[in-house]
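Visitor: Just to be clear, the model below is a prediction. Sequence and coordinates:
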Amino acid sequence: MDWLSLIIQILNGIQYGLLLFLIASGLTIVFGIMGIINLAHGSFYMIGAYLAFTLSQLTGGLFTAIALGIPLTLAFGFLLERFVIRQLYHRDHLQQVLLTFGLILIFNELQQILWGGEPKSVPVPEILQGAVALSDTLSYPIYRLFLSGVCLAMAATMYVVIRYTRIGMQIRASSSNQNMLNALGVNVRLINSLVFACGVALAGVAGILAAPVETVYPGMGEQILIVSFVVVVIGGIGSIRGAFFGALLIGVTDVLGQVFLPSAASIVIYGVMAFVLLIRPSGLFGRSE
Amino acid sequence: MIVLPPRPILIALALMVVAFALIPMTGDKYWIKLITRMFALGIFAMSLDFLVGYTGLVSFGHAAFFGIAGYTLHLISPENQAPNLAWVLPVSVFASAIMALLIGALSVRTHGIYFIMVTLAFAQMLFFLFHDSNIAGGSDGAFIYNKPVFTILNWTVFDLGNRYALYFLSLLSMMTLYLLLTVVLASPFGAVIQGIKVNEHRMRALGYNTYYYKLISFVIAGAIGGYAGFLFACIDGFVSPELLGWRESGLALVMVILGGVGTLFGPVLGAITLLGAEEIFRDRSLVGPLANYWQVLMGVFVIIVVLFLRGGLGGQLLQFVRRKKEQGL
């Protein structure tokens, strides 16, 4: 394999990693701030992808699907937090795991009822069709570059909001001591709702963006959930920076694993996780106990 | 000291066992198979309760050991001949125990939510290993054509191809393993792991190397989970990657919660109730057209159990007995 195709594979890995970051960051923030382990997080990715399918059919394009999908997933996350997730704040992990497990069963069945079992595909928007030529025979699809760009922009926005704005300060404060923040007159409940809704929207957007490059199929939520768990474990639970680097590491490792070790491709990322656990049981960027 | 449930519950459980022993007389194939499955999953849920309810380790990958034993049975069975239970059962259970040792050695280093995620990830790794490769039929699964036979020196004691033999072996195994786990919990080892559940730091301060205690507990639970998986593979005559999947692990946790965490007999009731609920939700004559969407009903059922049934069935029973006793005094 020459170096150009290697670069293409690494670009693919980075693109997959950035997509993973959108999902894993929601998972890790929700845990860091509310102490909730949410198994249904992968379902939001699946819902996003199916929304992309329906909305782009109805409105005629992926861009309108994104524009409509963001408020829809935000509202969905907001309502879900208010009526279900809020019950979980003072319960132990076991109950959180089971309740969100029940949610997966419901979401999966609703997906079957609404969209059926066969895989769907979503067309790439016309402006983003085509590819950038890298050499006479090799080229890289524009849509994938666009996808990576959008993910990077979202990651940067997230960084700026959390780092430099007032609401970001409150979010950071609520991850260390919610009671104190409440006593200072900040509406902690609202912050929780907002953060959860944003997490859902991030996963939803990831699903919408991924729809044209991946197949949209029923089990896609669980598959991505497990990989996101691996990312979060590697990065350290509650750490957004950890999620970012963990996601890139896993994305590149997974893609290169499929190229160089096709027979063991599905196991490589778990090997990386096992190795990280051996040297740093609380993740690369996690607070050690 | 061996802790058994209070006498009224023991009597109720004993009556239940007697009822179970009589059911095969009806000869209804469907019911016999369903109840044998309940026994196998009851053992599975019990082994998970040993981990969750007594050691304080919430594992979301317990199905890995359930599936590994089933697959081992498939892989070591000769093609055209029924294998002897006397060696396939120990080998299958041993395979699960070894897998639990490997996964446990890494997972037990972590705590709380990490442990949940890590056990889930390792179980999924095994799922993909069997799903994406050609081992034992890949994603299609594989049949176990010849059920094991228990023979001593050419004398056939029983044949698991016979549904009655399988039924009673499962029932007996469930009772024996219940007693075995009760004895383990009453031993000094059992006292240490229960201490770890309450306060691991304190146990470490007392000089116990908690890592090894947790690991041994994980291996015991994995081995018994494997025993359950072995029975389950014999019941269905079929193994598929789904046996190791996260759904199976999740349902096992639901059985434990539904039955009552840390009661040991409760999760058996949980397994029976959950399988019973599934039968009801899938029955068109009971729930009408909703039977097509039985998974939604199942999801709602799980959520209701988690939110409202504090302590599970076992916990509620214990509380009920305690209240009655106080009123009596």
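Guide: Received the coordinates, thanks.

Visitor: The nearest residue to residue A:115 once chain neighbours are set aside is in what secondary structure piece?
Guide: In this structure, residue A:115 finds its nearest non-sequential neighbour in residue A:50, 5.4 Å apart by C-beta to C-beta, 6 or more residues apart in numbering or on different chains. (Each C-beta comes from the backbone N, C-alpha and C, glycine too.) Element membership for residue A:50, per DSSP states H and E: helix A:41-59.

Visitor: is stretch B:63-80 up against chain A anywhere?
Guide: No: for stretch B:63-80, no contact with chain A is found by C-beta under 8 Å from any C-beta of the partner chain; the gap never falls below 11.9 Å.

Visitor: contacting residues around the residue lying closest to residue B:283 once chain neighbours are set aside?
Guide: The spatial neighbour of residue B:283 that comes closest, neighbours along the chain excluded (C-beta to C-beta, 6+ apart), is residue B:291 at 6.3 Å. Residue B:291 makes contact with B:281, B:282, B:283, B:284, according to C-beta atoms under 8 Å, 6 or more residues apart in numbering or on different chains.

Visitor: Tell me the one among those nearest to residue A:150.
Guide: residue B:281 (41.7 Å; C-beta to C-beta).

Visitor: burial measure for that closest one, as a count.
Guide: Residues lying near residue B:281 (other C-beta atoms under 10 Å in any protein chain shown) number 19.

Visitor: cool, residue B:195 as well?
Guide: As a measure of burial, residue B:195 has 17 neighbours, counting by other C-beta under 10 Å.

Visitor: one step back: among the contacts of residue B:291, the buried ones, what's the PyMOL command?
Guide: Buried members of these, defined by 16 or more other C-beta atoms under 10 Å in any protein chain shown, are picked up in PyMOL with:
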select buried, chain B and resi 281+282
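
Visitor: can you tell me how far residue A:143 sits from chain B?
Guide: 27 Å (C-beta to the nearest C-beta, to the nearest Å).

Visitor: Can you classify that residue as helix, strand or coil?
Guide: Put simply, residue A:143 is helix when judged by DSSP: H, G, I helix; E, B strand; the rest coil.

Visitor: tell me the contacts of residue A:123?
Guide: Counted by C-beta under 8 Å, 6+ apart, residue A:123 has contacts A:56, A:62, A:212.

Visitor: If we use 10 Å, what do you get?
Guide: A:53, A:56, A:57, A:61, A:62, A:129, A:211, A:212 (C-beta atoms under 10 Å, 6 or more residues apart in numbering or on different chains).

Visitor: Look up which helix or strand it falls in, please.
Guide: Judged by DSSP H and E, residue A:123 forms part of no helix or strand.

Visitor: Next one: it from chain B, what distance?
Guide: Counting by C-beta to the nearest C-beta, the gap from residue A:123 to chain B is 29 Å.

Visitor: next one: residue A:160
Guide: Applying C-beta to the nearest C-beta to residue A:160 and chain B gives a distance of 28 Å.

Visitor: Tell me the spacing between residue B:231 and residue B:44.
Guide: Distance check for residue B:231 against residue B:44: by C-beta to C-beta, to the nearest Å, it reads 9 Å.

Visitor: For the helix or strand of chain A with the lowest mean pLDDT, report the contacting residues that lie outside it.
Guide: Sorting the helices and strands of chain A by mean pLDDT, DSSP states H and E puts strand A:131-133 at the bottom, at a mean of 78. The contact list for strand A:131-133 (C-beta under 10 Å, 6+ apart) reads A:138, A:139, A:140, A:141, A:142, A:143, A:144, A:145.

Visitor: got a list of what the fourth one touches?
Guide: Which is residue A:141. A:8, A:11-12, A:15, A:124, A:128-132, A:147, A:212-213.
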